[in-house]
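S.K.: 3D, please:
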Amino acid sequence: TVTDAEDVAADQVRLTLGARLASGTYTLSATDIEDALGNVASSTLEVEFAGDETAPGISSATAVGDRFIRVVFTEPVRPESASDPTNYDLDGLAPSSVLLRSVDAPDGTFNVADVGFQPDPPQREALTLRVQNLTDLAGNVREEATAIVFFGEPDTPTPGDLAINEILFDPATGTDGEYVEILNTTADGIFDLAPLVLDDDPAGTTAIASAPVVLGPGQALAIVADLTTFRLTFPDAPALEAAAFPGLGNSGDLVVLADAMGAVLDSVRYDPEWHRVELDDATGVALERRSPAVGANDANNWSSSLAPSGGTPGAPNSIATDAGPPPSDAGLSFSPDPFDAGTGQGTTISYVLDAPASLVRVRIFDGAGRLVRELEAARLSASTGTLLWDGRDDRGERLRIGPYVVLLEAVDTEGGTTEAYKGVVVLARQL
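M.R.: Numbers count the residues shown, from 1 in each chain. Next up is the predicted model:
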């Protein structure tokens, strides 16, 4: 039943219904509609309606002072589920109070909870907040939602601690759906992303956020252009709407992550050519980084996401490759070996050289001795390094399964001496 009709334009009316609709097909009937010339008509229209079937989650959870946590939900929630202290747990600590708030939400709804604890939670520990039986206004129930919370002073990130790990520069939902994922690569560092700068200009100064945004060890967070649009595709992914999101060019662009003083923590100049060559249309598909241990501007270290949704913000990348340990002596090692390029997997080539600085050349040959790929032509390298091979030739074509010979040649920049190392890696395919 329609309870209210409001004119919003000369040819548009906003209807308010007396109850929420379930998913299905409905018939909309309009009778005695009169136009500006006095013509009167009636009409019916079949309307397909997709109801809300996504359970609510936690968008962010931030420590406020020594004993409060501000929890922002992904959508308005039923007060009886979000205000019940027994639904909350902080690593065994039960809250002493829960106060619901409405922040940029429709009138009469609640999407934020201020949760208090007594005694004070531990300081300088990554704590897990769990919220059970969280229910949205449509009745969808999340049995358990979790978030990492940190009380105290965070660590100071240095280059390599945080990585630009995923980029969606051409979303199907338009520019408001753009995002950049930041990954904490450390085993024990806890960082506040709020004062950092994410920009396409190395001289940018706008902080990501005004309130603390804690990223624990191994965690990833999507920094998004518009949270509402982002949620249309990724309703449950941990995300933060940036105070000023950099516009991401579809023809390639620079993305810089820097601290408040301007020191660059990571940067990448991405290229749409990094997408898989067999992908006819990359709209809505993110570029994922295979390994944060390999250079951000190595084209071999990026490829198209294989996730059905087009990306994996806040979750492990669909094409992630773990860099194995370097060889114990001068030489080469491969991880994984064998590897399956058909699933988006690549192999990390780790090397150790005798010379402290060398010009490195790396080529790959097939079983017949034919050159199929040149990974490096003459790059200056330290005594250790990593490269990534995606199982493709120099034209971007996927190679056949079988063994491939990797030849690394290095010329000492000071003494002129030459080192050469050879290894075999197997390109496989799942049966």
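S.K.: what about G324, how many neighbours?
M.R.: For G324, the count of nearby residues is 17 (other Cβ atoms under 10 Å). (Each C-beta comes from the backbone N, C-alpha and C, glycine too.)
S.K.: ok, the nearest residue to it once chain neighbours are set aside - how many residues close by?
M.R.: Distances taken as Cβ to Cβ, 6 or more residues apart in numbering place S335 nearest to G324, at 2.7 Å, with adjacent residues excluded. Look at S335: counted by other Cβ under 10 Å, it has 18 neighbours.
S.K.: which one is S23 nearest to, not counting chain neighbours?
M.R.: Taking Cβ to Cβ, 6+ apart, and ignoring the residues beside it in sequence, S23 has G51 as its nearest neighbour in space, at 4.2 Å.
S.K.: just to revisit the earlier point, hey, what's the residue nearest to G324 bridged with?
M.R.: On the basis of DSSP bridges, S335 is bridged to T348.
S.K.: For it, give me the pLDDT.
M.R.: Looking at S335, its pLDDT stands at 90.
S.K.: what sits against it?
M.R.: Applying Cβ atoms under 8 Å, 6 or more residues apart in numbering to S335 gives the contacts 321-325, 347-348, 350.
S.K.: The one helix or strand T228 maps to: how far from the chain's middle?
M.R.: Using DSSP states H and E, T228 falls within helix 227-233. Averaged C-alpha coordinates place helix 227-233 at 13 Å from its chain's average position (Cα atoms, centre = their mean, to the nearest Å).
S.K.: tell me what that helix is packed against?
M.R.: Under the contact criterion of 3 or more Cβ pairs under 8 Å, 6 or more residues apart in numbering; DSSP states H and E, helix 227-233 touches strand 239-241.
S.K.: Tell me which helix or strand comes right after the strand it packs on.
M.R.: Moving toward the C-terminus from strand 239-241, the next helix or strand (DSSP H and E) is strand 253-258.
S.K.: And for that next one, what's in contact with it?
M.R.: 162, 164, 167, 169, 180, 182, 196-202, 204, 246-248, 264-270.
S.K.: Tabulate the CA atom coordinates of it in CSV.
M.R.: Extracted in CSV, the C-alpha atoms of strand 253-258 (Å, rounded to 0.1, in the frame of the first residue of the first chain):
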residue,chain,number,x,y,z
ASP,A,253,47.9,7.0,-13.2
LEU,A,254,50.3,7.4,-10.2
VAL,A,255,49.2,6.4,-6.7
VAL,A,256,51.3,7.5,-3.8
LEU,A,257,51.0,6.5,-0.1
ALA,A,258,53.1,8.8,2.1
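S.K.: State the mean pLDDT of that strand.
M.R.: Strand 253-258 comes out at a mean pLDDT of 97.
S.K.: Listing partners with orientation, what would you give for that strand?
M.R.: Strand 253-258 has these strand partners (DSSP bridges): strand 197-199 (antiparallel), strand 264-270 (antiparallel).
S.K.: mind giving me the domain split of this structure?
M.R.: Following automatic domain parsing, the chain resolves into domains at 2-49, 58-150, 162-304, 331-427.
S.K.: Straight-line length of the third one, end to end?
M.R.: Across domain 162-304, the straight-line distance between its terminal residues is 21 Å, by Cα to Cα, to the nearest Å.
S.K.: Show me the contacts of S335 that map onto strands.
M.R.: 347-348, 350 (DSSP state E).
S.K.: Neighbour-wise, give me the winner out of those residues.
M.R.: That'd be T347 among these, by other Cβ under 10 Å, with 26 neighbours.
S.K.: show me the contacts for it.
M.R.: Applying Cβ under 8 Å, 6+ apart to T347 gives the contacts 321, 334-337, 339, 388-389, 391, 425.
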